[in-house]
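Engineer: structure for the following, please:
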Amino acid sequence: MSASKPLSTNGARPKIKLPKKFGGRRINLKKIGLWVMIPIVLLILISFYLLTFPEKKNYQDPEFIWRTVRGTPEGDLLIRGKHIDQIKGNVKDLIRALNKSDQDPESFRTPKDREAADPPKVKLKEIKNKTAFVEIINAEYLTQRMGSSGAEEFLAVVTYTLTEHPNIQIVHFIFEEGDHAVPGPYSRKYFLTNWKVGQ
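Structural biologist: Here you go, the predicted structure:
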């Protein structure tokens, strides 16, 4: 029995000579290992990136919330957005979709010395006993400038969208009462006197 050949004196892996039918060239195992490892490492890095930084949602897309359609043959309708299922488990995403922005709702607040020119935004205060307490930022726009029907549409859309979350059944609106909207608790049932749920 012959002794096995030692590694080369410089510590490098020995080169293996292929049989003649494979061209008889010598191959370097270190280079082969490197070419196998590079794609594996790249695959791991790409997977990590996709898990850490998921695709950014377009909160401008109306399919992430409920919406209203007036004057159809069936009456005034509330229509469920097609993409709500993607975000209904995350109340922060539902708020972003309602505000059509991922910015902090406070950034939209109109200073007190100016008339509200920006549409109302929703700010979640807390969820307690299946009720979401939400403050309406720029509430004057809601209560004085949208008209009664516009204000009702806004409250309906917010209520139906937020009650998609499994821990929310009622939305309690916090704002100063005005001509066209009244604060307090709203459920989906409240709106069914004037609206029908459409497809």
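
Engineer: how about the strands in the protein?
Structural biologist: 16-17, 26-27, 67-72, 75-79, 121-128, 131-137, 170-174, 184-186, 196-198 (DSSP state E).

Engineer: nearest to K92, of those?
Structural biologist: Smallest distance to K92 across the strands of the chain (CB to CB): 7.5 Å, for strand 121-128. Quick note: C-beta positions are derived from backbone N, CA and C, even for glycine.

Engineer: now the closest one: how far from the chain's centre is it?
Structural biologist: With CA atoms, centre = their mean, to the nearest Å as the basis, strand 121-128 stands 17 Å off its chain's centre.

Engineer: could you say what helices and strands it packs with?
Structural biologist: helix 91-99, strand 131-137 (3 or more CB pairs under 8 Å, 6 or more residues apart in numbering; DSSP states H and E).

Engineer: so what are the sheet partners of that strand and their directions?
Structural biologist: Using DSSP bridges, strand 121-128 pairs in its sheet with strand 131-137 (antiparallel).

Engineer: what mean pLDDT does the strand it pairs with have?
Structural biologist: Confidence for strand 131-137, expressed as mean pLDDT, is 97.

Engineer: send over it as PDB, restricted to the C-alpha atoms.
Structural biologist: Coordinates of the C-alpha atoms in strand 131-137 are reproduced here as PDB (Å, rounded to 0.1, in the frame of the first residue of the first chain):
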ATOM      1  CA  THR A 131     -62.700  50.600  18.500                       C
ATOM      2  CA  ALA A 132     -60.100  52.700  16.500                       C
ATOM      3  CA  PHE A 133     -59.900  56.300  17.900                       C
ATOM      4  CA  VAL A 134     -58.800  58.500  15.000                       C
ATOM      5  CA  GLU A 135     -58.200  62.200  14.900                       C
ATOM      6  CA  ILE A 136     -59.100  64.100  11.800                       C
ATOM      7  CA  ILE A 137     -56.300  66.500  10.800                       C
END
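
Engineer: many thanks, I have nothing further to ask.
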